[in-house]
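# Compute the structure for the input listed below.
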Amino acid sequence: MEKADRNAETRSMITDQPAQELVPVKAGAEALGRESQEQRARRLFDEMARNIGREAVNHLKAMYPAALAAVPKAAELSLTNHIRNDINWRMRPLLMAMIAMHREWAEESAGGNDE
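Coordinates of the predicted model:
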């Protein structure tokens, strides 16, 4: 039995309702296949943070293979996500300031030069 079938069967046993497929719902511009500049900035920033986390884990694999061999495989993902979340949290004020500056510049350029 496939994992999706088992999950659906488990849901129906717990809720006493027939199993249904869960469909992710996309909202706003993402549903239309567009993303705002702010969403793009956040996505790119998150990708950068994730890549830094992965590189840190790769460094540990190369330099300290016994350390990672001594922990469950899930520890690698946990460490990657911890680094990613920490970067996103600590750098959020900078990202918000950059987005605000970009908005101001866009408003100024849209308003024209009234000097």
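# okay, CA-based contacts and neighbour counts for the rest of this
Will do.
# counting contacts, what elements does the helix or strand where Asn58 lies pack onto?
Using DSSP states H and E, the element containing Asn58 is helix 37-63. Packing partners of helix 37-63 (3 or more Cα pairs under 8 Å, 6 or more residues apart in numbering; DSSP states H and E): helix 65-69, helix 74-111.
# List the buried residues of the last one.
This means helix 74-111. Glu76, Thr80, Asn81, Ile83, Arg84, Asn85, Ile87, Asn88, Leu95, Ile99 (16 or more other Cα atoms under 10 Å).
# for the helices and strands packed on helix 37-63, which one sits closest to Arg40?
Arg40 lies closest to helix 74-111 among these, at 10.6 Å (Cα to Cα).
# what packs against that closest one?
helix 37-63.
# quick check: mean pLDDT across the helix it packs on?
Helix 37-63 comes out with an average pLDDT of 93.
# now it against helix 74-111, angle please.
150 degrees (axes from the mean of the first three to the mean of the last three Cα atoms, to 10 degrees).
# in helix 37-63, what's buried?
Buried-residue list, helix 37-63, by 16+ other Cα under 10 Å: Glu38, Ala41, Arg42, Phe45, Asp46, Ala49, Arg50, Ile52, Gly53, Arg54, Ala56, Val57.
# List just the nearest of the residues you listed to Ala66.
Of the buried residues of helix 37-63, the one sitting nearest to Ala66 (Cα to Cα) turns out to be Val57, at 12.9 Å.
# Do I have it right that the closest one meets His82?
No: Val57 is beyond contact range of His82, at 11.0 Å (criterion: Cα atoms under 8 Å).
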